[in-house]
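Engineer: I would like to see how this sequence folds:
(one chain, ligands or ions: 1)
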Amino acid sequence: MPTLGVNIDHIANVREARKTIEPDPVQMAFLAELGGADSITVHLREDRRHIQDRDLRLLRETIHTKLNLEMASTAEMLEIALKVKPDMVTLVPEKRNEVTTEGGLDIKNHKIQLKEIIKELQLSQIPTSLFIDAEPEQIEASVEVNATYVELHTGCYALAQKEKIGLELAKLKEAAARATNIGLHVNAGHGLTYQNVVPIALINQIDELNIGHTIVARSIAVGLIQAVKEMQELIKNPISNHFKK
Ligand code: PXP
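Structural biologist: Next up is the predicted model:
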């Protein structure tokens with residue numbers, strides 16, 4: 001069975017909506033670990049729209065499991081990764097105008113650049129994962145650039161109309177088997193939910209699933225009643241709460 005990597009970018013999204021200090025993704029990573037997360041993933045974007053450099057630095061110091069840094073393959077990000085030393089780097093394509101990562105990396109057409117960055121990371125003992133679509137030529141190109149892992153993009157499966165789900169699942173199974181056969185470790189993620197995760201969790205070759213949005217959404221659902229109760233308590237008993245301190 002795959003392990004669970006929890007992506008906490010969306011917690012930082014809520015904080016950045018107000019440019020305040022809460023919710024703090026560093027504190028929430030601690031809770032995610034208490035809940036059983038096997039690793040914590042953050043995507044430090046060029047525009048710093050959610051995770052900030054400070055988050056990454058503190059997460060490196062406080063995480064008890066593993067830190068997976070998602071990033072674009074740029075000189076700036078490489079420098080940060082070499083300094084922070086996450087347990088793994090996942091290289092992803094990044095566009096300024098996208099809401100979330102769209103599509104996998106095109107390894108085939110960026111072999112020289114990727115090989116170079118992977119080599120630099122390897123010299124610092126940081127394994128690299130490449131976020132790719134479940135296509136044979138991208139898997140083969142990932143071996144050529146010396147990646148340790150590929151992360152199969154599950155977005156097409158997650159978004160497929162009912163009659164196409166089987167086809168998308170078969171593509172992922174085939175890709176996972178192909179990648180393993182040529183020596184790659186396999187992770188997967190994007191768009192997975194409580195409703196669609198089980199068939200993916202049953203794919204033998206997958207080491208880890210990276211899941212973010214649905215877990216953060218669910219945490220609001222299961223936590224909102226308690227949060228409102230606590231606020232009501234303060235408002236209904238202002239005098240006793242005032243003197244509690
Ligand atoms: N894997 C990668 C490479 C991603 O970019 C993301 C989204 O940040 C995820 C997994 C998690 O996707 P989701 O938030 O849809 O679970």
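
Engineer: contacting residues around residue 199?
Structural biologist: Contacts for residue 199 (C-beta atoms under 8 Å, 6 or more residues apart in numbering) come out as residue 169. Every residue, glycine included, has its C-beta placed from N, CA and C.

Engineer: list the contacts for residue 140?
Structural biologist: residue 182.

Engineer: pretty sure it is in a strand, no?
Structural biologist: No. Counting by DSSP: H, G, I helix; E, B strand; the rest coil, residue 140 falls outside a strand, being helix.

Engineer: so where do the helices sit in this structure?
Structural biologist: 9-18, 25-34, 53-62, 75-84, 111-123, 136-144, 155-159, 165-181, 197-201, 213-236, 238-244 (DSSP state H).

Engineer: can you name the residues of this structure sitting close to the ligand?
Structural biologist: When proximity is defined as C-beta under 6 Å from any ligand atom, the chain approaches the ligand at 7, 9, 43, 70, 90, 92, 100-101, 131, 151, 189-192, 210-214.

Engineer: one more pass at 5 Å, please.
Structural biologist: Applying C-beta under 5 Å from any ligand atom, we find that the chain lies next to the ligand at 7, 92, 101, 131, 189, 190, 191, 210, 211, 212, 213.

Engineer: quick one: which of these sit in strands?
Structural biologist: 7, 131, 189, 210, 211 (DSSP state E).

Engineer: re the thing from before, any chance of CSV for the residues of the chain next to the ligand, columns pLDDT, neighbour count and distance to residue 145?
Structural biologist: As requested, those are exported to CSV (pLDDT from 0 to 100; neighbours: other C-beta atoms under 10 Å; distance: C-beta to C-beta, whole Å):
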residue, pLDDT, neighbour count, distance to residue 145
7, 98, 25, 24
92, 97, 23, 15
101, 69, 22, 19
131, 97, 25, 13
189, 98, 27, 20
190, 98, 26, 21
191, 98, 18, 25
210, 98, 24, 20
211, 98, 24, 26
212, 98, 23, 26
213, 98, 16, 29
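
Engineer: output the helices of the chain in CSV; the columns should cover distance to residue 1.
Structural biologist: Compiled in CSV, the helices of the chain are given as follows (distance: least, C-beta to C-beta, whole Å):
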stretch, distance to residue 1
helix 9-18, 24
helix 25-34, 18
helix 53-62, 25
helix 75-84, 29
helix 111-123, 28
helix 136-144, 22
helix 155-159, 18
helix 165-181, 14
helix 197-201, 6
helix 213-236, 17
helix 238-244, 46
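
Engineer: nearest to residue 2, out of those?
Structural biologist: When the helices of the chain are compared by C-beta to C-beta, helix 197-201 sits nearest residue 2, at 5.9 Å.

Engineer: contacts for the worst-scoring helix or strand of the chain on mean pLDDT next, please.
Structural biologist: The weakest-scoring helix or strand in the chain, judged by mean pLDDT, DSSP states H and E, is helix 238-244 (a mean of 78). With contact meaning C-beta under 8 Å, 6+ apart, helix 238-244 is reached by 233, 234.

Engineer: what's the answer for stretch 25-45, then?
Structural biologist: 3-9, 11-12, 15, 50-51, 53, 55-56, 58-59, 62-72, 77, 80, 87-88, 90, 92, 94, 101, 208, 210, 212, 215.

Engineer: any low-confidence regions in this protein?
Structural biologist: 96, 100-101, 245 (pLDDT under 70).

Engineer: biggest separation within the ones in strands among the residues of the chain next to the ligand, which pair?
Structural biologist: 131 and 211 (14.0 Å).

Engineer: sorry, back to before: gap between the least confident helix or strand of the chain and the chain center?
Structural biologist: 42 Å (C-alpha atoms, centre = their mean, to the nearest Å).

Engineer: swap in stretch 45-58?
Structural biologist: 14 Å.

Engineer: export stretch 81-101 as PDB, just CAs?
Structural biologist: Written as PDB, here are the backbone C-alpha positions of stretch 81-101 (Å, rounded to 0.1, in the frame of the first residue of the first chain):
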ATOM      1  CA  ALA A  81      16.900  23.300  -2.300                       C
ATOM      2  CA  LEU A  82      20.600  22.900  -1.900                       C
ATOM      3  CA  LYS A  83      20.500  25.200   1.200                       C
ATOM      4  CA  VAL A  84      17.300  23.700   2.800                       C
ATOM      5  CA  LYS A  85      18.100  20.100   1.900                       C
ATOM      6  CA  PRO A  86      14.600  18.600   1.700                       C
ATOM      7  CA  ASP A  87      14.300  14.800   1.700                       C
ATOM      8  CA  MET A  88      13.100  14.900  -1.800                       C
ATOM      9  CA  VAL A  89      12.700  17.400  -4.600                       C
ATOM     10  CA  THR A  90       9.700  17.000  -7.000                       C
ATOM     11  CA  LEU A  91      10.200  19.100 -10.100                       C
ATOM     12  CA  VAL A  92       7.000  20.400 -11.500                       C
ATOM     13  CA  PRO A  93       6.100  22.700 -14.400                       C
ATOM     14  CA  GLU A  94       5.000  26.200 -13.200                       C
ATOM     15  CA  LYS A  95       3.100  28.900 -14.900                       C
ATOM     16  CA  ARG A  96       2.300  32.200 -13.300                       C
ATOM     17  CA  ASN A  97      -1.300  32.200 -14.400                       C
ATOM     18  CA  GLU A  98      -2.300  28.700 -13.500                       C
ATOM     19  CA  VAL A  99      -4.500  28.100 -10.400                       C
ATOM     20  CA  THR A 100      -2.700  24.800  -9.700                       C
ATOM     21  CA  THR A 101       0.000  22.700 -11.500                       C
END
